[in-house]
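Enquirer: What follows is a predicted protein model with its sequence.
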Amino acid sequence: MSILTLARFQFAMTTVFHFFFVPLSIGLGLAVAIMETMYVVKKDEKYKDMTKFWGNIFALTFAVGVVTGIIQEFQFGMNWSEYSRFMGDIFGAPLAVEALLAFFMESTFLGLWMFTWDKVSKKMHCVFMWLVAFGSTLSALWILAANSFMQNPVGFKLNEATGRAELTSFGKLLTNHQLWLEFPHVIFGAFVTGGFIIAGISAFKLLKNKDKEFFRTSLKFGLIMGLISSILVIGAGHYQTQAIIEDQPMKFAATEGLYEDTVDKNVPWKLIGAFDTENHKEGASIEIPYLLSILGSSHEGSFKGMNTINEELKEKYGDQLNYYVPTKTLFWSFRVMAGFGSGLAALAILALLLLKKDRLLKIRWLLWIVGICTFVPFVANTCGWLITELGRAPWTVYGLFTIADSVSPSVTANQLLFSNIVYFLLFTVLGGVLVFLIYRVSKKGPYAKAEVTDNVDPLAKEAF
Amino acid sequence: MAMTGLQMLWFILIAVLFIGFFFLEGFDFGVGMGMRFLAHNREERDVLVASIGPVWDGNEVWLITAGGALFASFPEWYATLFSGYYIILFLILAGLILRGVSFEFRAHMHTDKGRNIWEWAMFIGSFLAPFLFGMMFTSMVKGMPMGADKNIYATFGDYVNLFSVVGGVAVTLICYIHGLNYIRLKTHGPIRYRAEHQAKRLYPLLFIGLVVFAILVKTETDFFDLRPTSTLLLLGFIVLSAVVAAVSTFKGKELASFLATGCILAGVVILLFNGLFPRVMVGSVEGVKEALLITEASSSPYTLKVMTYVAFGLLPFVLAYQAWSYYIFSKRLKAGKVEG
């Protein structure tokens, strides 16, 4: 296998695995902060129990998120040194700000939050959690500022002498329209993830009739959070797509499976379709009339197909590159992502309606579905990133720098193979242990007598 | 190309971030090593974990910030160093991953067997990271074979040699003693006295190590040719800090000894950066491009300017709340069941 293939595989593996935990931390962080606020405001012990129980799960996922995050920052230099040379002037700054502004805040205040229950005032303790949640949201903003530049480069110039891209406007980097479309989509997606993991675990517990009052409240909380954010994520995604039609037409055409230009003004939307990616032809498909015209409402006239776009890109960037993107992956990823997103919103509405007078608790099959929805947002998140990153091919920085040019020339295939295998094993163990521990924490429930975990409380001996 | 003030400033800031990392995470590493070298039973291990539990993650962010700042201010350095030290950095990452999850995972284990697994993970991670960082930085200042494309094309002996192994051992040992001094500062009871006893026995080893290290700096690097006075002064500072640490330990002054071992780590970082200047990488092959200079490796003036505003705007807040968090957790811990 080539260095490039191995490096790409490793990047995909480490980022996908990392991004299981990022939305969980952001979403659960917000949820726990809201729960604690409800405790402070309503002074009801139930909310304190909720804060502690879900906070416990939050802390578990946060730990894995942190350690897999360090890989991300290091691997640009380790595996993509030429990319780092080309882009460092622009890409490094948001990364450094992310660490200074967000990571310090998250980690310091999470440490404070975890170990100061009943040691500081309730309000102060609640502020700690809000700072953790705020910090993780900020970190998403900065890393997406970097990613948005890769999608849609702005505020830079190419230095002829060094061949590097150089930043000319930090303001433009931060006002990139891609950022302000990508950020809401990612953040609301994270809130969906947080909402549905709470709703899902609660549904499983209710199926077993355990701690009914506690998990009924949690279920309602999770569903409301899931509903609001899934509607918002769909809205944000819609606007993001409008920009992609203009910025990266190939990505859009692939997600919609359009090889040929559309002729009609009323373009149908393919629900499913077959594609001949060798010869760049569309096969049979089931379509919903008019829908694509409605979805792509801001775009006037017909949509360009991939074959036309390919010719245009060849003219613009030279014909030595292949501008086609992995069509089937993008097409199906989009359907899975959008389908799951809409499905979750619909399910949340249904479940919330039935939760009045507790009718939902008697409909076991529906509780099962809500339970299974614990896992659905992770699939949708991954699909979203597959579209975003694979749809940018052949570029790492759109229109400026290719993936093939980005890889580290000094790292050997054997080294990459070794690190791939060890990462894989490590992630399998970490993921397995984490899922098991979340299962066990859930199984014990919120009122289980606290198993002696750490004997020592850092503040136990003396109050201050 | 003449060096600008901002390039100079960022070279110093990178050093400062690494000093912060080694000073703070250094004692974390030491405490992690103490899980196997110092603690005798579960209760003592609980004390060790609790002594760094609330702060270790914040300490590690110093490394992440150093990495990010390196990327932002010296992209060529970041690219050359990180790709050139691929396997070493990969092993460091693996160690930091094992260590990072071990705190949470250990707390959720129900059996001694389960806890034992994650205590080993914590120990191995805490041991690997400082050793490999020590190896990386010493071999880096000794010089690495660099190609014309500014990438490192090195073989095993470039990474693993007498100087780099001594460097790795030295950093690990200093971190361990630094950790022992932290434990003495943070705990009550037998473990505190055992830490003191161990530290006292390790100082002679440290002095021998530092002398060997100083000799190797003379023979293996060009520090003494390049700037003999400052190199000598910094070596003196390192030895003096070690003397202060030892004397304070014997006199029972815990805070002083802890700060002094921190100064040894800071001194080592300053020594390396002082010798590196005005380069960021040292080449070892004659004739080929000999080194990577600060002026070649740095970001554009504009990015450096933006980063300077950002750093000086944010760092004071970070330092303030991190210090406040240390203040809140400044109480001594004692092995035993938590009441209530």
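Expert: Okay, I see it. Numbers count the residues shown, from 1 in each chain, chains lettered A, B, ... in the order given.
Enquirer: What about A:Arg364, how many residues nearby?
Expert: As a burial measure, A:Arg364 scores 12 neighbours (other Cβ atoms under 10 Å in any protein chain shown). Every residue, glycine included, has its C-beta placed from N, CA and C.
Enquirer: Kindly provide the distance from the closest residue to it other than its chain neighbours to chain B.
Expert: Excluding its sequence neighbours, the residue lying closest to A:Arg364 (Cβ to Cβ, 6 or more residues apart in numbering or on different chains) is A:Leu207, at 6.4 Å. Using Cβ to the nearest Cβ, to the nearest Å, A:Leu207 is found at 24 Å from chain B.
Enquirer: Wait, A:Leu207 touches A:Leu366, no?
Expert: No: using Cβ atoms under 8 Å, A:Leu207 is not in contact with A:Leu366, being 10.4 Å away.
Enquirer: which helix in the chain runs the most residues?
Expert: In the absence of a named chain, chain A is used. helix A:3-42 (DSSP state H).
Enquirer: I was thinking of chain B, sorry if that wasn't clear
Expert: Scanning chain B for the helix with the most residues, using DSSP H, yields helix B:5-37.
Enquirer: Helix or strand next in line after that helix, which one?
Expert: Per DSSP states H and E, helix B:5-37 leads on to helix B:42-52 as the next helix or strand towards the C-terminus.
Enquirer: Next, the angle from that following helix to helix B:5-37.
Expert: Counting by axes from the mean of the first three to the mean of the last three Cα atoms, to 10 degrees, helix B:42-52 lies at 170 degrees to helix B:5-37.
Enquirer: Please see if the longest helix of chain B touches chain A.
Expert: No: using Cβ under 8 Å from any Cβ of the partner chain, helix B:5-37 stays clear of chain A, with a minimum separation of 9.5 Å.
Enquirer: other SSEs contacting that helix?
Expert: Counting contacts by 3 or more Cβ pairs under 8 Å, 6 or more residues apart in numbering or on different chains; DSSP states H and E, helix B:5-37 is packed against helix B:42-52, helix B:56-73, helix B:112-142, helix B:162-186, helix B:254-276, helix B:294-297, helix B:301-328.
Enquirer: May I see the buried residues of that helix?
Expert: Neighbour-count burial for helix B:5-37, counted by 16 or more other Cβ atoms under 10 Å in any protein chain shown, picks out B:6-7, B:9-11, B:13-35.
Enquirer: Stretch A:258-277 too?
Expert: Buried residues in stretch A:258-277, counted by 16+ other Cβ under 10 Å: A:Leu258, A:Tyr259, A:Thr262, A:Val267, A:Pro268, A:Trp269, A:Lys270, A:Gly273, A:Phe275.
Enquirer: residues in contact with the third one?
Expert: Contacts for A:Thr262 (Cβ atoms under 8 Å, 6 or more residues apart in numbering or on different chains) come out as A:Leu292, A:Ser302, A:Phe303, A:Gly305.
Enquirer: pLDDT check: weakest of those?
Expert: Within the contacts of A:Thr262, A:Ser302 has the lowest pLDDT, namely 78.
Enquirer: Please work out the average pLDDT along stretch A:338-351.
Expert: Mean predicted lDDT for stretch A:338-351 stands at 96.
Enquirer: Would you mark the buried spots in it?
Expert: For stretch A:338-351, by 16+ other Cβ under 10 Å, it's A:Ala338, A:Phe340, A:Gly341, A:Leu344, A:Ala345, A:Leu347, A:Ala348, A:Leu350, A:Ala351.
Enquirer: Equivalent analysis for stretch A:291-302, please.
Expert: So for stretch A:291-302, counting by 16+ other Cβ under 10 Å, buried means A:Leu292, A:Ser293, A:Leu295, A:Gly296, A:His299.
Enquirer: gap between the two ends of that stretch?
Expert: One end of stretch A:291-302 to the other measures 13 Å (Cα to Cα, to the nearest Å).
Enquirer: what does that stretch contact?
Expert: The contact list for stretch A:291-302 (Cβ under 8 Å, 6+ apart) reads A:238, A:241-242, A:245-246, A:256, A:261-270, A:303.
Enquirer: try 10 Å this time
Expert: A:238-239, A:241-243, A:245-246, A:249, A:252, A:256, A:258, A:261-271, A:288, A:303, A:338 (Cβ atoms under 10 Å, 6 or more residues apart in numbering or on different chains).
Enquirer: Secondary structure for the buried residues of stretch A:338-351 - can I get that in CSV?
Expert: CSV is the format used below for the buried residues of stretch A:338-351 (DSSP: H, G, I helix; E, B strand; the rest coil):
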residue, secondary structure
A:Ala338, helix
A:Phe340, helix
A:Gly341, helix
A:Leu344, helix
A:Ala345, helix
A:Leu347, helix
A:Ala348, helix
A:Leu350, helix
A:Ala351, helix
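Enquirer: can I get those residues in TSV with distance to chain B?
Expert: Putting the buried residues of stretch A:338-351 into TSV (distance: Cβ to the nearest Cβ, whole Å) gives the following:
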residue	distance to chain B
A:Ala338	34
A:Phe340	29
A:Gly341	31
A:Leu344	28
A:Ala345	33
A:Leu347	31
A:Ala348	30
A:Leu350	35
A:Ala351	30
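Enquirer: and the residue in the stretch 201-350 of chain A that chain B sits nearest to, how many neighbours?
Expert: Of all residues in the stretch 201-350 of chain A, the one sitting closest to chain B is A:Ile201 (16.0 Å; Cβ to the nearest Cβ). A:Ile201 has 24 neighbours, counted by other Cβ under 10 Å.
Enquirer: Leaving aside the residues adjacent along the chain, what's closest to it?
Expert: Nearest to A:Ile201 is A:Ser442, by Cβ to Cβ, 6+ apart, at 5.1 Å.
Enquirer: so that neighbour is in which element?
Expert: helix A:413-444.
Enquirer: Just want the residue of the stretch 51-200 of chain B that's nearest chain A.
Expert: B:Pro75 (2.1 Å).
Enquirer: circling back: show me what the helix holding A:Ser442 packs onto, helices and strands only.
Expert: helix A:3-42, helix A:45-79, helix A:177-207, helix B:86-107, helix B:112-142 (3 or more Cβ pairs under 10 Å, 6 or more residues apart in numbering or on different chains; DSSP states H and E).
Enquirer: Fine by me, thanks again.
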